[in-house]
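Undergrad: What shape does this take:
(chains A, B, C and D)
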2 protein chains.
Amino acid sequence: MFSKATEYALRATIYIAQKSSEENKLGIDAIAKAIDSPKSFTAKILQSLTGNNKVISSVRGPNGGFYITEKAKKLPVRAVLIAMGESEILDKCVLGLNKCSEVKPCPMHNQYKTIKQQLISLFETKTIQQLADDIVGGDAYISNKKN
Amino acid sequence: MFSKATEYALRATIYIAQKSSEENKLGIDAIAKAIDSPKSFTAKILQSLTGNNKVISSVRGPNGGFYITEKAKKLPVRAVLIAMGESEILDKCVLGLNKCSEVKPCPMHNQYKTIKQQLISLFETKTIQQLADDIVGGDAYISNKKN
DNA sequence: ATATTAAAAGATAACTTTGTCTTTATTTAT
DNA sequence: ATAAATAAAGACAAAGTTATCTTTTAATAT
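TA: Got it, this is the predicted structure:
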């Protein structure tokens, strides 16, 4: 569904929300290892999330690293997609028609529409915080390792 | 959601189902023009659909072209995804975790699962014929042109 | 101030996807 | 048989994505 970059962005964001705080930041090595992603590529991706979009925060230097503010934890998961420029794919025509709409629907439109709405709603209502909490609570996992 | 190639494949298949028959085949020029896709690239894609997977049929030479059998029209839309090797994306973990499952769910899993099931069901139950009929009946469109 | 640490920024490479063009093979019509 | 039409096959090019490595900048600790 999403690009590798966005998958890593989602995993990294959730991991940072779960493990870090402003007092206890995470380095790129720890993050990449935990979410099983290529380190340098993940570093690049995190830059997309720390800019103006501001899903995660970072500081350089000793004891620096990545963390997420309490405020940002309350952002919907879709904020990550927006920061990665991949939010539109939730809303795109499944046949790739740019004219597809209520007045000129593609033959999949009407049935696909209701699924799309659920997708959008899911990414819009779920917060980063909630996902992190599921992991802390032992109800979900984010490890991708062999064991 | 899908690659350009798969979008073109879906559009081409639906168009062929709508406009052609074994007695009245469609050339690649007509198809590419109708679905607004790059001609040579579309030709390549159609080759993927005419092989063993056999969603569409073709014959070379004068009065040759592409068409679809009545039997193939009854295939689910997912047959096109399978032929294009993109059927798995309907079933993939949204965070890209290969370990994600009922017993070890990612934090999106439980809610995303129900949406995925609807997606799979949609592509599994809708047939190529049904989509083509919607266009013939004037209830749907497949043109991507400016007007 | 200086050294150290860690992210930011930039250059580049490998791979994949998208797209084009040319040649070949096959079918039909004459 | 030959010519013409058309898809199949193959080689290639352009663009985008994924990934790595090096250099720079900023923050902290000493």
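Undergrad: For A:K39, give me its contacts.
TA: By Cβ atoms under 8 Å, 6 or more residues apart in numbering or on different chains, the contact list for A:K39 reads A:28-29, A:32. C-betas here are computed from N, CA, C, even on glycine.
Undergrad: wait, which of these is closest to chain B?
TA: A:A32 (14.0 Å; Cβ to the nearest Cβ).
Undergrad: How about the closest one: what's its closest non-neighbour residue?
TA: A:K39 (4.0 Å; Cβ to Cβ, 6 or more residues apart in numbering or on different chains).
Undergrad: And the pLDDT for that neighbour?
TA: Note for A:K39: predicted pLDDT of 97.
Undergrad: Check A:N144 too.
TA: On the pLDDT scale, A:N144 gets 77.
Undergrad: tell me the secondary structure for it?
TA: Here A:N144 is recorded as coil under DSSP: H, G, I helix; E, B strand; the rest coil.
Undergrad: For it, which non-adjacent residue is closest in space?
TA: Closest to A:N144 by Cβ to Cβ, 6+ apart is A:D36, at 3.9 Å.
Undergrad: number of nearby residues for that neighbour?
TA: Close neighbours of A:D36, defined as other Cβ atoms under 10 Å in any protein chain shown, add up to 18.
Undergrad: State the distance from the residue nearest to A:A32 to DNA strand D.
TA: 6 Å (Cβ to the nearest atom of the strand, to the nearest Å).
Undergrad: Kindly report the residues of chain A close to DNA strand C.
TA: Counting by Cβ under 7 Å from any atom of the strand, the residues of chain A close to DNA strand C are A:25-29, A:40, A:43-44, A:46-47, A:50-51, A:58-66.
Undergrad: circling back: just checking, which of the contacts of A:K39 belong to strands?
TA: Assignment to strands by DSSP state E places none of those there.
Undergrad: Check whether the residue nearest to A:N144 really touches A:S143, as I assumed.
TA: Yes: counting by Cβ atoms under 8 Å, A:D36 touches A:S143, with 7.2 Å between them.
Undergrad: what does the helix or strand that contains A:K71 contact?
TA: Assigned by DSSP states H and E, A:K71 belongs to helix A:70-73. Helix A:70-73 has contacts (Cβ under 8 Å, 6+ apart) with A:17, A:54-57, A:79, A:127-129, A:132.
Undergrad: ok, now stretch A:80-99?
TA: With contact meaning Cβ under 8 Å, 6+ apart, stretch A:80-99 is reached by A:1-3, A:5-6, A:9-10, A:13, A:45, A:48-49, A:51, A:53, A:55, A:78, A:100, A:106-109, A:112, A:116, A:119-120, A:123, A:128, B:1-2, B:4, B:7-8, B:10-11, B:14, B:141-145.
Undergrad: Recalculate using a threshold of 6 Å.
TA: With Cβ atoms under 6 Å, 6 or more residues apart in numbering or on different chains as the test, stretch A:80-99 has contacts from A:2, A:6, A:9-10, A:13, A:48-49, A:53, A:55, A:100, A:106, A:108, A:112, A:119-120, B:1, B:7, B:10-11, B:144.
Undergrad: Please narrow those to those residing in helices.
TA: A:6, A:9-10, A:13, A:48-49, A:112, A:119-120, B:7, B:10-11 (DSSP state H).
Undergrad: Kindly supply the PyMOL command isolating those of the residues you listed that are buried.
TA: This is the PyMOL syntax for the buried subset of those, where burial follows 16 or more other Cβ atoms under 10 Å in any protein chain shown:
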select buried, (chain A and resi 6+9+10+13+48+49+112+119) or (chain B and resi 7+10+11)
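Undergrad: got the ones in helices among the contacts of stretch A:80-99 as TSV, with distance to B:V136 columns?
TA: Output for the ones in helices among the contacts of stretch A:80-99, formatted as TSV (distance: Cβ to Cβ, whole Å):
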residue	distance to B:V136
A:T6	38
A:A9	43
A:L10	42
A:T13	46
A:S48	45
A:L49	47
A:Y112	20
A:L119	30
A:I120	31
B:E7	21
B:L10	17
B:R11	15
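Undergrad: Ramachandran angles for A:Y67?
TA: Torsion angles at A:Y67 (phi, psi; degrees, to the nearest 10) stand at phi -150, psi 180.
Undergrad: Which strand residues bridge it?
TA: Going by DSSP bridges, A:Y67 is paired in beta bridges with A:S57.
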